[in-house]
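*Asks:* predicted structure and sequence below. I'll ask about it afterward.
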Amino acid sequence: MSQAQSVVSYITTDPLTGIAIGGMDPVSYFTEPMPLEGKPDYEFYWMGAPWHFANAANLEIFKRHPEIYAPQYGGHGAMSMARGFVSDSDPRLYTVFKDRLFLFYSAANREAFLLSPDDAARRGAANWPALSKNLSTQ
């Protein structure tokens, strides 16, 4: 009997389109009051997934430093990661904490994270290396 492989991706993608973080522009989380929808005209492949951007400037910014603008934990739910498991996230549920983007599965998860963000981010970062080993990069 062969062992089943994970079907969960390292980078969260839209299940219908395959686009990273639901097609939202990751740079816009840092530059706009609300994140912007990316456009297929401004597409960049990184970490095995296509990412969309609202404009050429944001695309170029991301290309230079994707690790700064991409969500933590591949875009998986930040509070779930802090609790020791992988979950999906909703790109509309987010926070930028210490110049890093965190996405959440639910509003309640975001609120739990914000009660003690330093601790939650530290626990998530500690859990990510082991949990991410089981995620598919394709």
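*Replies:* Happy to help now that I have it.
*Asks:* low-confidence stretches in this protein?
*Replies:* The chain contains residues with pLDDT under 70 at 1-8, 136-138.
*Asks:* tell me what the longest helix along the chain is packed against?
*Replies:* The residue-count maximum for a helix in the chain (DSSP state H) belongs to helix 117-132. Of the remaining helices and strands, those touching helix 117-132 by 3 or more CB pairs under 8 Å, 6 or more residues apart in numbering; DSSP states H and E are helix 78-82, strand 90-97, strand 100-104, helix 107-115. C-beta here means a position set from N, CA and C on the backbone, and glycine is covered the same way.
*Asks:* dump the ones you listed into a markdown table; add mean neighbour count as well.
*Replies:* Formatted as a markdown table, those follow (neighbours: other CB atoms under 10 Å):
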| stretch | mean neighbour count |
| --- | --- |
| helix 78-82 | 26 |
| strand 90-97 | 17 |
| strand 100-104 | 25 |
| helix 107-115 | 16 |
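*Asks:* let's have the ones you listed in CSV, adding distance to His52.
*Replies:* Conversion of the helices and strands packed on helix 117-132 to CSV gives the following (distance: least, CB to CB, whole Å):
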stretch, distance to His52
helix 78-82, 22
strand 90-97, 11
strand 100-104, 15
helix 107-115, 23
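*Asks:* out of these, which comes closest to His65?
*Replies:* strand 100-104 (12.2 Å; CB to CB).
*Asks:* quick one: the longest helix of the chain to helix 107-115, angle?
*Replies:* Relative orientation of helix 117-132 versus helix 107-115 (axes from the mean of the first three to the mean of the last three CA atoms, to 10 degrees): 120 degrees.
*Asks:* next, the buried residues of helix 117-132.
*Replies:* Residues of helix 117-132 classed as buried: 117, 120-121, 123-124, 127-128, 131-132 (neighbour count, 16 or more other CB atoms under 10 Å).
*Asks:* with distance to Ala57 added, can I get the residues you listed in CSV?
*Replies:* CSV is the format used below for the buried residues of helix 117-132 (distance: CB to CB, whole Å):
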residue, distance to Ala57
Pro117, 29
Ala120, 32
Ala121, 28
Arg123, 35
Gly124, 30
Asn127, 34
Trp128, 30
Leu131, 34
Ser132, 30
